[in-house]
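Asks: here is a sequence with its predicted model. Questions after.
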Amino acid sequence: MAAELIDTVAWVRVEGGRILCARPRGKDVFYIPGGKREGAESDLETLLREIEEELTVVLDAASARHVATYEAEASGVPGGAVVRMSCYTAEYRGTLSASSEIAELAWFSYAHRPLVPPVDQLLFDDLRAGGELT
């Protein structure tokens, strides 16, 4: 039997060598902001909805660019589920702030890599290799 696939889309926002991460309420792990697709949503539709829900900002759809897609075993999910995370950059309007879903926002350097799930760690590795993450 094939492992469950958890299909997600994430917003990659790097400023000053640090990447924006969010910790959902009731969880002790940080994630790259974003979330799961609903129904037949496209990557862009999912990204725009999730980021507005989580961070109270509006992404500029015209500036959205695909960075990479990563897959890794899901942490804390029984049965060996796999997370696929399609990552995008985009400009935004508004002021970043945690919504009711999010307990905390943080700007992480590469040293914070152990605090994020395996799929996010792959992004951290690529950003570090590209000189974007300090």
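Replies: Good, I have the coordinates.
Asks: so what's the residue nearest in space to the middle of the chain up against?
Replies: In the chain, the C-alpha nearest the mean C-alpha coordinate belongs to residue 32, at 2.6 Å (C-alpha atoms, centre = their mean). Each residue near residue 32 by C-beta atoms under 8 Å, 6 or more residues apart in numbering is listed here: 10-12, 19-22, 85, 87, 116, 120, 123. (Each C-beta comes from the backbone N, C-alpha and C, glycine too.)
Asks: which one of these is nearest residue 97?
Replies: Residue 97 has its nearest neighbour among the contacts of residue 32 in residue 22, at 10.8 Å by C-beta to C-beta.
Asks: my read: the closest one touches residue 51, true?
Replies: No - under the criterion of C-beta atoms under 8 Å, residue 22 is not in contact with residue 51, lying 9.9 Å apart.
Asks: any common contacting residues for these two?
Replies: With C-beta under 8 Å, 6+ apart, residue 22 and residue 51 have common neighbours residue 33.
Asks: of these two, who's got more company?
Replies: Neighbour totals were compared for residue 22 and residue 51, and residue 51 leads with 27 against 23 (other C-beta atoms under 10 Å).
Asks: can you give me the buried ones in the helix or strand hosting the more buried one?
Replies: Using DSSP states H and E, residue 51 falls within helix 43-55. By 16 or more other C-beta atoms under 10 Å, the buried positions in helix 43-55 come out as 43-44, 46-51, 54-55.
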